[in-house]
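Participant: what's the 3D shape of this:
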Amino acid sequence: MSADCVDLPQTAGTCDTSQLLPPDLARCIMDPEQIFPSGFLACAPAGPEGANRDEYIKLVHRQLQCGKIRLRRQCRAVGDVFCVAKSTPGKQREVWNGSQAGVAEDAFMSLDSPPPSGVEACGVATDDTFFFHKDKQAGAERLRRLDKVFEERGMPKNQAKDVTLQPAMTALGCELTTQPPAAEPASSKLVRLFAALLDLFLQGQVSPSGLNRALGVEQWFCLLNRPMFSVFSAVCDFVRREPPESIQFLPEDVQSEILVAAAFAPLLGADLGRDFLPQLIACDAAGTHGFGVSYMPCSQQLVRSVSSLSERRGDFVRFFQEPDEPCRKDRLGTPHELPFHKWQFHTAISAKARWKAHAGLLEAHGLHIALKWALRSAVRFHRRVVVLIDAKAILGAASKGRSSAPGIRGVLRKIGNLLMATNSLLRFVYIPSEDNPADAPSRGIVRRVRNRSRKGLNVPG
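Facilitator: As a prediction, the model looks like this:
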């Protein structure tokens with residue numbers, strides 16, 4: 001922490017933000033019991049020590065002078081602060097650590113919320129606001145209105161960082177482009193990361209905390225291409241070593257992972273223009289027999305709709321229940337019934353397992369087999385592939401791109417290889433076992449699609 005390097009406005013608190021909010025929302029954020037429903041801390045956390053304490057005192061003095069903070073005799077909740085480096089050399093950003101303040105988990109944005117849709121989307125990250133528009137005229141009008149409100153409320157924008165109606169921009173350390181539609185690590189940051197990884201490999205020694213800092217940047221960019229996470233295992237164990245600041249020699253397996261990460265650096269990016277593969281694919285594995293993969297050709301519009309349920313906690317899909325099927329189990333969460341029957345799925349694979357293994361490992365291999373079948377032809381590359389799966393553990397691990405279980409981690413690396421080599425993106429949707437069309441093939445039961453009358457049925461497409 002360096003107090004003089006922290007960016008602060010000349011005068012803070014130039015507007016009363018509570019006057020800009022609807023009354024109901026204003027009352028909510030002014031009520032400490034609603035912001036901190038888990039209760040308040042009885043005592044303050046341990047503050048900075050040593051040189052950091054002196055810098056912290058200087059920082060508080062600067063904040064008091066500009067009006068960013070005020071002194072209080074009593075407080076209802078407390079939290080500490082830390083500083084992180086900004087992209088501008090020699091500049092820092094103060095960050096309030098709210099992890100101990102009791103803020104409810106559902107107060108944060110997450111994948112459980114449906115993705116934005118329509119002609120525009122807005123994102124806010126700390127003090128940065130960015131818009132994405134499909135219509136240039138609508139974008140110009142939106143930015144004009146935003147600038148007008150900022151001006152009326154005495155909130156000057158940073159002209160040096162202002163980007164207006166451009167086909168490319170840099171946000172959150174990433175370069176966003178419309179031609180081609182993609183999100184890539186900013187070139188300047190990626191070059192420094194690549195050089196740092198090569199230097200670590202060549203030097204062969206580093207402190208755990210130093211490697212942890214480099215790994216933090218690497219993992220931020222891995223969010224653009226999650227299969228990259230599967231590269232790291234031994235590195236994660238090394239950064240936990242004690243003491244954290246001592247220089248230590250890198251084990252061979254750690255060096256290998258660092259070198260692989262450097263070699264794969266050009267793949268750290270996301271293709272935003274991939275279309276959906278016009279199929280719903282289901283996979284399953286059973287210890288009594290082996291593996292099953294089923295599929296149903298359908299329109300991209302339908303697959304896109306099902307994909308919106310991907311990785312959302314509590315959401316799952318069902319199909320029409322057949323008259324001869326037993327009663328379904330009650331499931332926690334929100335069901336979404338698709339207007340189809342399981343018999344409308346074709347059996348692609350019904351294969352007997354060649355070895356005995358844990359159920360989770362078999363499910364991971366079942367997913368790998370389904371992906372190899374889906375990407376068996378080059379015409380299927382560069383697509384978003386929606387897979388229905390009834391194993392929540394594998395769904396979660398594959399969605400994150402990594403697992404601490406050695407056996408599953410090995411299979412995830414094979415899946416990651418396929419995805420990166422074919423520029424494909426997997427989207428997972430949970431389906432209960434009794435609704436999974438691949439459940440029967442995984443038990444050696446192959447069902448043929450019957451030529452039923454389609455009168456009165458909602459058919460794919």
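
Participant: All the helices of the stretch 201-350 of the chain, in order from the start?
Facilitator: With DSSP state H, counting those that start in this stretch as the criterion, the stretch 201-350 of the chain has helices at 208-222, 234-238, 252-263, 300-307.

Participant: report the angle between the axes of whichever strand in the chain runs longest and helix 300-307?
Facilitator: Longest strand of the chain, by residue count under DSSP state E: strand 275-285. On the basis of axes from the mean of the first three to the mean of the last three Cα atoms, to 10 degrees, strand 275-285 is oriented at 50 degrees to helix 300-307.

Participant: List the buried residues in strand 275-285.
Facilitator: F276, L277, P278, Q279, L280, I281, A282, C283, D284, A285 (16 or more other Cβ atoms under 10 Å). Placement of C-beta: from N, CA and C, glycine included.

Participant: Dump those residues to JSON lines, plus distance to C174 and pLDDT.
Facilitator: JSON lines is the format used below for the buried residues of strand 275-285 (distance: Cβ to Cβ, whole Å; pLDDT from 0 to 100):
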{"residue": "F276", "distance to C174": "23", "pLDDT": "95"}
{"residue": "L277", "distance to C174": "26", "pLDDT": "95"}
{"residue": "P278", "distance to C174": "30", "pLDDT": "96"}
{"residue": "Q279", "distance to C174": "31", "pLDDT": "95"}
{"residue": "L280", "distance to C174": "31", "pLDDT": "96"}
{"residue": "I281", "distance to C174": "30", "pLDDT": "97"}
{"residue": "A282", "distance to C174": "34", "pLDDT": "97"}
{"residue": "C283", "distance to C174": "32", "pLDDT": "97"}
{"residue": "D284", "distance to C174": "36", "pLDDT": "96"}
{"residue": "A285", "distance to C174": "37", "pLDDT": "95"}
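
Participant: can you list the helices of the stretch 201-350 of the chain in CSV and add distance to R313?
Facilitator: As requested, the helices of the stretch 201-350 of the chain are exported to CSV (distance: least, Cβ to Cβ, whole Å):
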stretch, distance to R313
helix 208-222, 22
helix 234-238, 25
helix 252-263, 30
helix 300-307, 16
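
Participant: Could you save those as a markdown table and add columns showing distance to T14 and mean neighbour count?
Facilitator: Formatted as a markdown table, these follow (distance: least, Cβ to Cβ, whole Å; neighbours: other Cβ atoms under 10 Å):
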| stretch | distance to T14 | mean neighbour count |
| --- | --- | --- |
| helix 208-222 | 32 | 18 |
| helix 234-238 | 45 | 17 |
| helix 252-263 | 45 | 18 |
| helix 300-307 | 44 | 17 |
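
Participant: for the stretch 351-461 of the chain, what are the low-confidence residue spans?
Facilitator: Low-confidence segments of the stretch 351-461 of the chain, defined by pLDDT under 70: 448-461.

Participant: So for G360, which of the helices of the stretch 201-350 of the chain sits nearest?
Facilitator: helix 234-238 (20.2 Å; Cβ to Cβ).

Participant: Could you tell me the end-to-end distance of stretch 387-395?
Facilitator: Using Cα to Cα, to the nearest Å, the end-to-end distance of stretch 387-395 comes to 10 Å.

Participant: Pull the residues that contact it.
Facilitator: 280-285, 311, 317, 359-360, 363-364, 367, 370-371, 374, 408, 426-433, 436-439 (Cβ atoms under 8 Å, 6 or more residues apart in numbering).

Participant: related to what we said a few turns ago, the helices of the stretch 201-350 of the chain into JSON lines, with extra columns for distance to N158 and mean pLDDT?
Facilitator: Converted to JSON lines, the helices of the stretch 201-350 of the chain look like this (distance: least, Cβ to Cβ, whole Å; pLDDT from 0 to 100):
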{"stretch": "helix 208-222", "distance to N158": "23", "mean pLDDT": "91"}
{"stretch": "helix 234-238", "distance to N158": "37", "mean pLDDT": "93"}
{"stretch": "helix 252-263", "distance to N158": "34", "mean pLDDT": "94"}
{"stretch": "helix 300-307", "distance to N158": "36", "mean pLDDT": "92"}
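
Participant: so how far is the longest strand of the chain from its chain's centroid?
Facilitator: Chain-centre distance of strand 275-285: 21 Å, with Cα atoms, centre = their mean, to the nearest Å.

Participant: Stretch 209-228 too?
Facilitator: Distance, centroid of stretch 209-228 to centroid of chain: 13 Å (Cα atoms, centre = their mean).

Participant: got the CA positions of it in PDB?
Facilitator: Written as PDB, here are the backbone C-alpha positions of stretch 209-228 (Å, rounded to 0.1, in the frame of the first residue of the first chain):
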ATOM      1  CA  SER A 209       3.600 -15.700  -3.200                       C
ATOM      2  CA  GLY A 210       5.300 -14.500  -6.400                       C
ATOM      3  CA  LEU A 211       4.000 -17.400  -8.400                       C
ATOM      4  CA  ASN A 212       0.600 -16.800  -6.800                       C
ATOM      5  CA  ARG A 213       0.500 -13.300  -8.200                       C
ATOM      6  CA  ALA A 214       1.400 -14.500 -11.700                       C
ATOM      7  CA  LEU A 215      -1.100 -17.300 -11.400                       C
ATOM      8  CA  GLY A 216      -3.800 -14.700 -10.500                       C
ATOM      9  CA  VAL A 217      -3.300 -12.900 -13.800                       C
ATOM     10  CA  GLU A 218      -3.300 -16.200 -15.700                       C
ATOM     11  CA  GLN A 219      -6.500 -17.400 -14.100                       C
ATOM     12  CA  TRP A 220      -8.300 -14.100 -14.800                       C
ATOM     13  CA  PHE A 221      -7.700 -14.600 -18.500                       C
ATOM     14  CA  CYS A 222      -8.500 -18.400 -18.200                       C
ATOM     15  CA  LEU A 223     -12.100 -17.200 -17.600                       C
ATOM     16  CA  LEU A 224     -12.300 -16.500 -21.300                       C
ATOM     17  CA  ASN A 225     -11.500 -20.100 -22.100                       C
ATOM     18  CA  ARG A 226     -12.200 -22.200 -19.100                       C
ATOM     19  CA  PRO A 227     -10.600 -25.500 -20.300                       C
ATOM     20  CA  MET A 228      -7.300 -23.800 -19.700                       C
END
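
Participant: Appreciated, that's everything.
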